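Chemist: this one's structure only:
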């Protein structure tokens, strides 16, 4: 799991970070700082988001791989948190990663109020609040 997450995190962080573990916790390896290993709590909000995304994707890949041949394919990932903490550069990295997952055949659902991210998605559902009920409209790019 850590090896898979590290592969993703290296991609997402432009080669700066990978993950390691000691007996009790995850550590971050900073390749731009002489491979210094430190506690993951030292990451910024955006960096923490990237590490969490890498772990979630690695878990998703591991679960899909462990499924029996006869079971339905696990091809969906849903993300519903943290986009508001990202600066524009990190948001671009995340959006590109989501687009890449989609290109690889994964269905990626996101819940966001960040217009810059939503507008990059090829299909999105916009929820509009009305006086008595909400409406959902499908927007195709």
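Modeler: Perfect, thanks for sending it. None of the values given here were measured: they were computed from a predicted structure. Numbering: from 1, shown residues only.

Chemist: Can you tell me the closest non-neighbouring residue to residue 9?
Modeler: Once flanking residues are discounted, residue 9 sits nearest to residue 54: 3.9 Å by C-beta to C-beta, 6 or more residues apart in numbering. Any C-beta I mention is one placed from the backbone N, CA and C, and that applies to glycine too.

Chemist: how near is the one you found to residue 141?
Modeler: As defined by C-beta to C-beta, to the nearest Å, residue 54 lies at a distance of 26 Å from residue 141.

Chemist: center of this protein, which residue is that?
Modeler: residue 53 (3.3 Å; C-alpha atoms, centre = their mean).

Chemist: In terms of helices and strands, where is that residue?
Modeler: helix 45-66 (DSSP states H and E).

Chemist: neighbouring contacts of the lowest-mean-pLDDT helix or strand in the chain?
Modeler: Taking mean pLDDT, DSSP states H and E as the measure, the helices and strands of the chain show their lowest mean at strand 76-79, namely a mean of 81. With contact meaning C-beta atoms under 8 Å, 6 or more residues apart in numbering, strand 76-79 is reached by 53, 56, 57, 60, 98, 101, 106, 107, 108, 109, 110, 111.

Chemist: Quick one: which of the residues you listed is the most crowded by neighbours?
Modeler: Of all the contacts of strand 76-79, the most densely surrounded is residue 57 (23 neighbours; neighbours counted as other C-beta atoms under 10 Å).

Chemist: Look at the closest residue to that one other than its chain neighbours and tell me its secondary structure.
Modeler: The shortest distance from residue 57 to any non-neighbouring residue, by C-beta to C-beta, 6+ apart, is to residue 8 (5.2 Å). Secondary structure state of residue 8, per DSSP: H, G, I helix; E, B strand; the rest coil, is helix.

Chemist: Good, wrapping up.
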